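**Student:** sequence first, predicted coordinates after that:
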Amino acid sequence: MSTPTPATQATPSSAQTTGTPKPPSASLYVGDLAPEVSEGLLFETFNTVGPVSSIRVCRDTLTRRSLGYAYVNFHSVVDAERALDSLNNNPIAGRPCRIMWSQRDPSIRKTGVGNIFIKNLDNTIGHKELYDTFSAFGNILSCKVAMNDKGESKGYGFVHFENQQCADNAVQMVNDNLMLDKKVYVGPFIPRKVRAQQLEQSWTNVFIKDIDPSIDDAALRQAFSEFGTVTSAVIMRKEDGTSLGFGFVNFEGHESADKAVAAMHGAKLGNKTLYCCRAQKKAEREAKLKKEWEQLKISKYQGINLYIKNIEDEIDEERLKTEFAPWGTIKSCKIMTDEKGTSKGFGFVCYSAPEESQRAINEMNNRTLTGCQKPLYVALHEPKELRRQKLTLNALKGMRNVPQGAGAPLYNAGQPVFYQGANMQQGFVYPQQMMSSMPRGWQPQYPMQPQYPANVVPRGGANSAARGRGGARGAAGNNNGRQGGNRRQSAQVAATEVAPPIDGLTLAQVKAFPADQQKILIGERLYGLIAAQQPLLAGKITGMFLESGWTVEELFALLTDEASLNQKIEDAISVLERANQSEAGETVEAEASA
């Protein structure tokens with residue numbers, strides 16, 4: 001890759017080369033991940049560098065699909081730094097990953113300080129080449145080249161420097177210089193909302209359609225020149241010179257263009273009435289049309305379009321229309337099918353009036369059609385975004401005071417976080433995602449069994465090590481006996497070396513285990529106690545307790561002090577609810593300010 005070719009190469013100042021202060025935690029952001037990348041694959045990749053503390057792939061709250069980025073936490077900042085240097089831009093599942101320090105403070109990204117925008121990049125320039133070029137000007141917090149769905153460059157990218165001075169130097173030295181024989185533009189990054197506001201106050205190009213074929217470029221220029229100085233006027237034509245019926249007029253100033261649109265839109269030129277508006281890029285125009293179409297659909301079908309599911313295979317559209325016909329005039333009836341023509345089990349019936357659709361809901365919801373086994377589900381159709389918001393709110397409401405034994409809603413699936421011990425010989429999986437509840441039947445999992453000291457017998461006898469997840473379920477199933485005896489012990493006694501045994505295991509025996517296994521043993525027992533009160537959140541709360549920084553003595557005390565455990569559970573639920581409320585209204589943003 002060729003480097004920028006200014007007359008004099010910039011020499012970074014000593015302030016720029018002193019290095020970015022190390023973050024307080026050894027946490028890395030890993031972006032541009034393929035949808036199939038999981039915590040296990042990331043562990044295999046990053047564990048080669050150093051001991052990994054935990055890994056979380058961020059997923060959609062409802063669909064559980066990967067959002068394309070993850071967080072990897074190391075025990076040591078040195079290991080995290082080594083991973084950043086050696087694994088950045090390495091392929092994971094066939095796609096180069098983008099690694100940078102995790103920036104928990106969103107203001108660093110949102111202020112735009114030190115962030116620059118580069119466009120007109122050659123298609124062969126990727127994250128690594130862009131990073132190598134701009135790292136000469138200072139420490140880089142993040143660097144990315146925008147890619148399409150096929151992994152091809154869109155020709156522009158972003159570089160976020162540690163401070164504004166580095167960004168200014170990069171703009172000054174690289175702007176209008178060559179990178180791989182292409183002159184690039186480098187300038188300060190401007191957020192999309194600010195760009196839109198600036199564009200509304202600065203545009204000069206006017207789009208005109210429905211132009212009479214007899215009008216030529218000169219006539220078009222003359223018609224619009226009364227509003228201000230016209231720099232160009234052109235009518236788009238075919239190869240044979242035939243007018244396509246639309247064109248563009250560009251003015252010298254924004255005020256002239258604004259006056260022209262106001263005066264000429266709907267005016268007659270030749271034998272046709274003109275349509276005039278601000279010239280828009282294709283993507284902007286498509287987004288606007290899509291938004292208008294969505295609003296039109298909502299207003300047009302509000303209260304009259306029904307969603308029906310549990311439609312069995314033998315029911316066709318004609319039969320469905322016949323069943324719903326008694327309740328009103330049906331405008332359309334559709335059963336959704338796959339590419340083979342097989343019914344997907346749901347469809348839509350649109351009536352002519354809201355009263356008819358409401359009558360159909362009252363009569364047909366939960367009705368089993370003749371020859372069928374499943375009752376129909378009938379409700380008003382809701383737009384996708386509205387339905388998504390309702391599902392999210394329902395998930396949040398169901399997080400607290402869930403009756404024991406109640407299953408989780410089918411649309412909520414837990415998000416696992418992989419926690420790895422310091423000796424990298426055994427793991428402990430606890431879900432930690434704040435925005436989801438636990439899936440049905442989830443229990444702690446042990447990828448490998450803990451190594452018990454010679455003087456300690458595993459809980460439940462010698463066979464408990466072979467039970468795996470079954471052992472954890474047994475713990476949840478035996479809550480009655482455990483709560484009747486163990487919880488009544490005092491926290492003060494439990495915190496001493498002569499603490500009473502918990503399922504045959506004392507605090508002294510716990511401390512006989514390696515340090516990385518002590519919390520795992522306590523966590524297994526805590527999970528059973530917490531699951532008795534909060535079965536859907538037991539995994540999350542247990543993970544929060546183990547990661548809270550409490551000592552082994554403090555955690556062990558919770559096993560015997562019911563009041564203290566209940567208070568800690570209430571505190572954890574409050575933290576989860578606050579996190580859910582703060583995240584529910586926000587869109588997930590990439591670490592780079594794109």
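**Tutor:** Received, thanks.

**Student:** report how many residues lie close to residue 342.
**Tutor:** By the criterion of other CB atoms under 10 Å, residue 342 has 9 neighbours. (Glycine included, C-beta is placed from N, CA and C.)

**Student:** quick one: it and residue 312, what's the gap?
**Tutor:** Distance, residue 342 to residue 312, by CB to CB, to the nearest Å: 12 Å.

**Student:** and residue 72, by the same measure?
**Tutor:** As defined by CB to CB, residue 72 lies at a distance of 47 Å from residue 312.

**Student:** looking at these two, which one has more neighbours?
**Tutor:** The residue with more neighbours, out of residue 72 and residue 312, is residue 72; 28 against 14, by other CB under 10 Å.

**Student:** what's the closest non-adjacent residue to the more buried one?
**Tutor:** For residue 72, ignoring the flanking residues on the chain, the nearest one in space by CB to CB, 6 or more residues apart in numbering is residue 28 at 4.8 Å.

**Student:** mind checking the SS state of the one you found?
**Tutor:** strand (DSSP: H, G, I helix; E, B strand; the rest coil).

**Student:** that one and residue 79 touch, don't they?
**Tutor:** No. The criterion here is CB atoms under 8 Å, and residue 28 misses it with residue 79 at 9.9 Å.

**Student:** ok, those two, which is more surrounded?
**Tutor:** Of the pair residue 28 and residue 79, residue 28 is the one with more neighbours under other CB under 10 Å, namely 24 against 19.

**Student:** how near is that one to residue 523?
**Tutor:** As judged by CB to CB, residue 28 and residue 523 stand 25 Å apart.

**Student:** again, but for residue 240
**Tutor:** 77 Å.

**Student:** more crowded one of the two?
**Tutor:** residue 523 (19 against 5).

**Student:** looks like the more buried one contacts residue 546 (just checking).
**Tutor:** Yes. At 5.0 Å, residue 523 counts as touching residue 546 under the criterion of CB under 8 Å.

**Student:** show me what the host helix or strand of residue 249 is in contact with.
**Tutor:** Using DSSP states H and E, residue 249 falls within strand 243-251. With contact meaning CB atoms under 8 Å, 6 or more residues apart in numbering, strand 243-251 is reached by 204-211, 213, 215, 217, 220-221, 224, 227-238, 257, 260, 279.

**Student:** distance of the closest residue to residue 369 other than its chain neighbours from residue 347?
**Tutor:** Counting by CB to CB, 6+ apart, residue 369 lies nearest to residue 323, which is 6.1 Å off, once chain neighbours are set aside. Relative to residue 347, residue 323 is positioned 11 Å away (CB to CB).

**Student:** could you report the neighbour count for residue 324?
**Tutor:** Residue 324 has 22 neighbours, counted by other CB under 10 Å.

**Student:** now swap in the one 5 residues further on and tell me
**Tutor:** Neighbour count for residue 329, taken as other CB under 10 Å: 10.

**Student:** for residue 330, same thing?
**Tutor:** For residue 330, using other CB under 10 Å, the count is 19.

**Student:** ok, it to residue 377 distance?
**Tutor:** In terms of CB to CB, residue 330 sits 18 Å off from residue 377.

**Student:** show me what the helix or strand containing residue 277 is packed up against.
**Tutor:** Per DSSP H and E: residue 277 is located in strand 275-278. The contact analysis (3 or more CB pairs under 8 Å, 6 or more residues apart in numbering; DSSP states H and E) places strand 275-278 against strand 205-209, helix 254-264.

**Student:** quick one: average pLDDT of it?
**Tutor:** Mean per-residue pLDDT for strand 275-278: 92.

**Student:** what segments of the stretch 51-200 of the chain are helices?
**Tutor:** Remark: helices assigned in the stretch 51-200 of the chain by DSSP state H, counting those that start in this stretch are 77-87, 106-110, 127-134, 164-174, 192-200.

**Student:** and for the closest residue to residue 228 other than its chain neighbours, the neighbour number?
**Tutor:** Among residues not flanking residue 228 along the chain, residue 256 sits closest, at 2.4 Å (CB to CB, 6+ apart). By other CB under 10 Å, 20 other residues sit near residue 256.

**Student:** same question, residue 355
**Tutor:** Residue 355 is flanked by 13 other residues according to other CB under 10 Å.

**Student:** thinking again about what came up before, got CSV for the helices of the stretch 51-200 of the chain, with mean pLDDT too?
**Tutor:** Listed next are these as CSV, based on pLDDT from 0 to 100:
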stretch, mean pLDDT
helix 77-87, 89
helix 106-110, 69
helix 127-134, 87
helix 164-174, 91
helix 192-200, 80
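
**Student:** which of these sits closest to residue 391?
**Tutor:** helix 106-110 (25.3 Å; CB to CB).

**Student:** which residues are contacting stretch 85-94?
**Tutor:** Applying CB under 8 Å, 6+ apart, the external contacts of stretch 85-94 come out as 33-34, 36-37, 41-42, 45-46, 49, 96-100, 126-128, 131.
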